[in-house]
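In: got a sequence here, can you build the structure:
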Amino acid sequence: MPTYKCFKCEKKIQSNKLDKRFMCPHCGCKIFYKPRTRVKKIKTE
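Out: I've put the predicted structure just below:
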């Protein structure tokens, strides 16, 4: 299940809690983004 982050209050929200309205349940903001996962860099020898 994808997790989104609110642009205004920066709280994580799962997509099943957004329903069809796509509004933040905490602050009412309508702008979201998907936080990127951190990539671990490995040095080659």
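In: so where's this protein uncertain?
Out: Counting by pLDDT under 70, the chain shows low-confidence ranges at 18-19.
In: for it, what spans make up the strands?
Out: 3-6, 12-14, 32-33 (DSSP state E).
In: need the contact list for residue 14.
Out: 1-4 (CB atoms under 8 Å, 6 or more residues apart in numbering). Every C-beta, even on glycine, is put in place using the N, C-alpha and C of the backbone.
In: ok, now residue 34?
Out: Contact partners of residue 34, counting by CB under 8 Å, 6+ apart, are 2-5.
In: check residue 5 too.
Out: Contacts of residue 5 by CB under 8 Å, 6+ apart are 11-13, 32-35.
In: among the contacts of residue 14, the buried ones, what's the PyMOL command?
Out: The PyMOL command for the buried members of those (criterion: 16 or more other CB atoms under 10 Å) is given here:
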select buried, resi 4
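In: ok, back up a step: what's the closest of the strands of the chain to residue 26?
Out: strand 3-6 (6.8 Å; CB to CB).
In: CA atoms of that closest one as PDB?
Out: Backbone C-alpha positions of strand 3-6 (Å, rounded to 0.1, in the frame of the first residue of the first chain) are rendered in PDB as follows:
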ATOM      1  CA  THR A   3       2.300   5.900   1.600                       C
ATOM      2  CA  TYR A   4       2.100   9.600   0.800                       C
ATOM      3  CA  LYS A   5       3.300  12.700   2.700                       C
ATOM      4  CA  CYS A   6       1.300  15.900   3.100                       C
END
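In: on that earlier part again, and which of the contacts of residue 34 is nearest residue 40?
Out: Of the contacts of residue 34, the one sitting nearest to residue 40 (CB to CB) turns out to be residue 3, at 19.8 Å.
In: hang on, the closest one packs against residue 35?
Out: Yes - under the criterion of CB atoms under 8 Å, residue 3 makes contact with residue 35 at 7.4 Å.
In: mutual contacts of those two, please.
Out: Jointly contacting residue 3 and residue 35 under the rule CB under 8 Å, 6+ apart are residue 12.
In: and residue 4, what does it touch?
Out: Taking CB under 8 Å, 6+ apart, we find residue 4 in contact with 12-15, 18, 32-34.
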